[in-house]
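Chemist: Turn this into a structure:
(one chain, ligands or ions: 2)
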Amino acid sequence: MTNAQNLIGGAWVGEPIIERRNPANPDDVVAIAPSASAADVHDAVAAATDAQPGWAALTAVQRGAILMDAADLLRRRHEEIATDLTREEGKTRAEAMGEVRRAIDVLRFFGSAGWRPSGETLPSTMPNTSVHTRREPLGVVGLVTPWNFPIAIPAWKMAPALVSGNAVVIKPAELTPLSINHLATALIDAGLPAGVLNVVHGSGSLAGDALVRHQEVAAVSFTGSTGVGMAIRDVVNARNARVQLEMGGKNAYLVLDDADVEAAAATVAAGAFSLTGQACTATSRVYVTPGVREVFVKALREKAGAVKSGNGLDPGTTMGPVVSDAQLAKDVTAIHAAVEAGFDAGEVTEPKGQFLAPVVFSGVPHDHPLVTREVFGPVVGVIDVADYQEGLNLVNDSPYGLTAGICTRDLGKAYDFAARVRVGVVKINRPTTGLDLNVPFGGVRDSSTNTFREQGERAVDFYTWTKSVYIGHDL
Ligand code: NAP
Ligand code: MG
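Modeler: Numbering: from 1, shown residues only. Ligands and ions are numbered 1, 2, ... in the order given. So this is what the prediction gives:
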């Protein structure tokens with residue numbers, strides 16, 4: 001067991017109060033974290049406010065070097081951190097190794113941004129005048145993050161914020177205090193000055209709320225559920241600060257008659273059942289045209305049946321436990337409602353403790369809650385459509401717009417889908433999950449504020465503002 005303390009002004013502080021137990025093994029107390037009060041959050045923001053000008057005064061190369069060194073330290077601790085991540089969140093060790101790897105690469109990518117061009121040089125209409133733009137940091141930024149990628153999401157928000165010269169206060173998810181502390185420790189050990197990064201553990205309604213309301217917090221970047229995100233947006237907009245939200249999804253797949261059915265089933269299964277279905281990009285509704293319907297459902301159920309649900313630390317496990325009792329109740333409620341509605345599911349087994357078997361329902365109407373509401377578990381609804389056009393229409397008929405995919409060998413339909421589907425990320429013959437860190441990421445409609453994108457070089461846009469400088473050189 002580890003004390004996962006708050007990090008405020010360079011000191012690890014806070015009384016251990018909130019216990020986190022391993023979802024695969026409740027006897028394993030993974031970490032005990034403090035429950036930050038509004039006063040603690042104010043201390044963290046004050047520390048960040050004090051530290052930020054000195055941090056911004058360093059060169060981008062110096063700031064980037066600290067991110068690079070932190071990446072090296074994480075790489076050295078890769079195995080240990082991945083084990084803790086599995087104990088804390090439940091995902092399989094392979095998934096956890098991949099997630100820690102992602103955090104390392106993100107730090108390297110944005111660390112090296114310190115060497116890359118920043119701002120532009122522009123022509124001027126005025127003689128003997130040159131014009132350039134500068135990217136200025138915002139000041140103190142607040143980050144609020146979910147439990148499902150407890151090290152990668154904090155890394156992909158923090159790294160562009162820090163390299164741009166901002167100081168950070170982060171409120172991580174209550175369920176996962178340990179992963180974020182591994183990341184913060186690496187940054188501190190790499191030489192990040194005290195106060196530049198602050199971590200406040202605790203509940204969203206208390207610590208998170210105090211952070212997003214704080215007048216000194218110039219911007220809030222949030223990843224989590226749509227309901228919480230929309231409420232945060234209103235609070236932050238009301239004080240005219242900048243806000244970025246990446247939220248829920250109900251990600252669709254369209255499988256056409258010409259698809260390789262075996263490959264389509266493998267693609268959908270990877271998107272639906274990896275990470276126990278607890279990915280914002282997880283596939284959860286699948287539209288199928290008549291020619292492949294039966295054979296696709298059979299193939300997908302075979303993939304579901306082959307999933308080995310268990311402790312993520314066991315080498316044979318391919319799907320870890322559900323993260324919490326609350327999430328399990330949500331999954332089970334959705335499954336029972338679909339069974340009661342009479343949808344075909346092959347065989348449905350009750351969960352054993354936190355371990356759930358994936359379920360594929362077929363013949364589900366498009367307007368059923370299984371198709372319209374995010375479950376965040378390994379549960380798929382298959383919906384029959386007449387043809388490509390109806391499929392596209394129904395894929396687009398959702399309040400969400402994060403990711404969507406299509407399995408087809410018809411290049412014309414694939415291109416048409418890419419152009420007309422209303423989501424932030426489109427996958428052709430690839431799972432809806434699985435993203436590259438150098439590619440812009442974000443959704444549209446109820447999945448996102450759809451203003452600034454995360455990841456990739458342009459991720460720094462959210463954390464900076466543009467200043468235009470005119471220099472006359474004839475005096
Ligand atoms: P959540 O319940 O919305 O929580 C996200 C974060 O917000 C947590 O740190 C939470 O703290 C905090 N929070 C809760 N209420 C708050 C408030 N009133 N003020 C400030 N902060 C508050 O989401 P989750 O259950 O952790 O994660 C699952 C959701 O995240 C799913 O909907 C999923 O789709 C979404 N997600 C989206 C993306 C994406 O990039 N689009 C990526 C991953 C996950 P507590 O932990 O204490 O509740
Ligand atoms: Mg929550």
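Chemist: Can you point out the buried residues in stretch 178-194?
Modeler: 178-188, 190, 192, 194 (16 or more other CB atoms under 10 Å). (Glycine included, C-beta is placed from N, CA and C.)
Chemist: And the closest residue in space to residue 289 that isn't next to it in sequence, how far from residue 408?
Modeler: Distances taken as CB to CB, 6 or more residues apart in numbering place residue 257 nearest to residue 289, at 4.7 Å, with adjacent residues excluded. Separation of residue 257 from residue 408 (CB to CB, to the nearest Å): 9 Å.
Chemist: Ok, residue 120 next?
Modeler: Distance from residue 120 to residue 408, by CB to CB: 40 Å.
Chemist: Neighbour count: the two, which is higher?
Modeler: residue 408 (22 against 12; other CB atoms under 10 Å).
Chemist: Show me the shaky parts of the chain.
Modeler: 1 (pLDDT under 70).
Chemist: residue boundaries of the helices in it?
Modeler: 38-57, 60-76, 78-89, 93-112, 152-163, 177-189, 209-213, 226-238, 261-273, 293-306, 325-340, 369-372, 388-396, 411-420 (DSSP state H).
Chemist: In a markdown table: those, plus distance to ligand 1.
Modeler: Formatted as a markdown table, the helices of the chain follow (distance: least, CB to the nearest ligand atom, whole Å):
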| stretch | distance to ligand 1 |
| --- | --- |
| helix 38-57 | 10 |
| helix 60-76 | 20 |
| helix 78-89 | 11 |
| helix 93-112 | 12 |
| helix 152-163 | 6 |
| helix 177-189 | 10 |
| helix 209-213 | 4 |
| helix 226-238 | 3 |
| helix 261-273 | 14 |
| helix 293-306 | 21 |
| helix 325-340 | 8 |
| helix 369-372 | 14 |
| helix 388-396 | 18 |
| helix 411-420 | 20 |
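Chemist: Can I get the ones you listed in a markdown table including distance to residue 16?
Modeler: As requested, the helices of the chain are exported to a markdown table (distance: least, CB to CB, whole Å):
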| stretch | distance to residue 16 |
| --- | --- |
| helix 38-57 | 14 |
| helix 60-76 | 24 |
| helix 78-89 | 15 |
| helix 93-112 | 24 |
| helix 152-163 | 21 |
| helix 177-189 | 10 |
| helix 209-213 | 20 |
| helix 226-238 | 25 |
| helix 261-273 | 35 |
| helix 293-306 | 40 |
| helix 325-340 | 21 |
| helix 369-372 | 39 |
| helix 388-396 | 47 |
| helix 411-420 | 50 |
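Chemist: I'd like to know which of these lies nearest to residue 252.
Modeler: Residue 252 sits nearest to helix 388-396 of all the helices of the chain, at 4.3 Å, using CB to CB.
Chemist: Only the C-alpha atoms, please, for that closest one, written as CSV.
Modeler: Listed next in CSV are the C-alpha coordinates belonging to helix 388-396 (Å, rounded to 0.1, in the frame of the first residue of the first chain):
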residue,chain,number,x,y,z
TYR,A,388,-24.9,1.7,-46.6
GLN,A,389,-27.1,4.8,-46.8
GLU,A,390,-29.3,3.8,-43.9
GLY,A,391,-26.3,2.7,-41.9
LEU,A,392,-24.6,6.1,-42.4
ASN,A,393,-27.7,7.9,-41.4
LEU,A,394,-28.1,5.9,-38.2
VAL,A,395,-24.4,6.2,-37.3
ASN,A,396,-24.9,10.0,-37.5
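Chemist: Return the distance of that helix from the chain's centre.
Modeler: With CA atoms, centre = their mean, to the nearest Å as the basis, helix 388-396 stands 26 Å off its chain's centre.
Chemist: Please work out which residues outside it touch it.
Modeler: For helix 388-396, the external contacting residues (CB atoms under 8 Å, 6 or more residues apart in numbering) are 252, 254, 256, 287, 289, 366, 383, 385, 404, 413, 416-417, 420-422.
Chemist: Mark which of the residues you listed are buried, thanks.
Modeler: 252, 254, 256, 287, 289, 366, 383, 385, 404, 413, 416-417, 421-422.
Chemist: check contacts around the most centrally placed residue in the chain.
Modeler: The geometric centre of the chain, computed from its C-alpha atoms, lies nearest to residue 153 (CA atoms, centre = their mean), at 5.1 Å. Residue 153 makes contact with 145, 146, 223, according to CB under 8 Å, 6+ apart.
Chemist: coming back round to it: strands - which of the contacts of helix 388-396 land there?
Modeler: Judged by DSSP state E, those include 252, 254, 287, 383, 404 as members of strands.
Chemist: that older thread, nearest to residue 139 among the helices of the chain would be which one?
Modeler: Ranking the helices of the chain by proximity to residue 139 (CB to CB) places helix 38-57 first, at 5.8 Å.
Chemist: orientation of the closest one relative to helix 152-163 in degrees?
Modeler: Helix 38-57 and helix 152-163 are oriented at 50 degrees to each other (axes from the mean of the first three to the mean of the last three CA atoms, to 10 degrees).
Chemist: relative orientation of helix 38-57 and helix 60-76 in degrees?
Modeler: 120 degrees.
Chemist: Show me what helix 38-57 is packed up against.
Modeler: In terms of contacts (3 or more CB pairs under 8 Å, 6 or more residues apart in numbering; DSSP states H and E), helix 38-57 is packed against strand 6-8, strand 140-144, strand 167-171, strand 197-199, helix 209-213.
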